[in-house]
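**Student:** Let's see this in three dimensions:
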Amino acid sequence: MHLQRVQPQLCIVANATGIDCSGFFSRAWGVDRNTTVSLSSITQSVSWKDLKPGDALNKPGSHVRIFLELSRGTEIGLLIAESSVSCGGVCQKVVNARDLDGYQPRRFTHILD
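**Tutor:** Purely as a prediction, here's the structure:
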């Protein structure tokens with residue numbers, strides 16, 4: 001099997017294989033395995049302006065990302081972490097509003113601030 005090498009500066013885990021997006025966020029949050037559909041059972045909705053590091057950006061039935069921080073470059077974006085075939089495993093990248101169509105910001109219900 002050939003594993004795709006990703007750009008080292010973007011990759012958290014080089015050559016990752018076998019973990020999908022929902023497995024990644026479940027592991028990152030330290031919760032039992034949830035899917036993008038069942039994520040709503042352990043989270044609450046938050047507004048985009050109230051996002052905090054560690055919140056989920058969920059597109060039910062499709063994909064989930066973890067919000068890390070706002071990124072200010074030529075335009076405002078969100079630095080996220082995700083597990084995706086597009087980056088060859090688990091990576092960090094900046095996304096903007098057009099990359100978030102259909103996503104819902106969610107916060108773990110039992111978060112301790």
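
**Student:** When you work out contacts or count neighbours from here on, use the C-alpha atoms and nothing else.
**Tutor:** Fine.

**Student:** can you tell me the helix or strand for the most centrally placed residue in the chain?
**Tutor:** Nearest to the mean C-alpha position of the chain, by C-alpha atoms, centre = their mean, lies Arg65 at 1.5 Å. Assessed by DSSP states H and E, Arg65 sits inside strand 63-72.

**Student:** still on that earlier bit, so what pLDDT did the residue nearest to the centre of the chain get?
**Tutor:** We have a pLDDT of 95 for Arg65.

**Student:** returning to what we had before: just the CA coordinates for the helix or strand following the strand holding Arg65, please, in PDB.
**Tutor:** Downstream of strand 63-72, the first helix or strand assigned by DSSP H and E is strand 76-84. What follows is strand 76-84 as a C-alpha-only set of coordinates in PDB (Å, rounded to 0.1, in the frame of the first residue of the first chain):
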ATOM      1  CA  ILE A  76     -10.300  36.300   7.700                       C
ATOM      2  CA  GLY A  77     -10.300  32.600   7.900                       C
ATOM      3  CA  LEU A  78     -10.500  29.900  10.500                       C
ATOM      4  CA  LEU A  79      -7.600  27.600  11.300                       C
ATOM      5  CA  ILE A  80      -9.000  24.100  11.700                       C
ATOM      6  CA  ALA A  81      -7.700  20.600  12.300                       C
ATOM      7  CA  GLU A  82      -9.300  17.700  10.500                       C
ATOM      8  CA  SER A  83      -8.700  14.200   9.200                       C
ATOM      9  CA  SER A  84      -9.200  14.200   5.500                       C
END
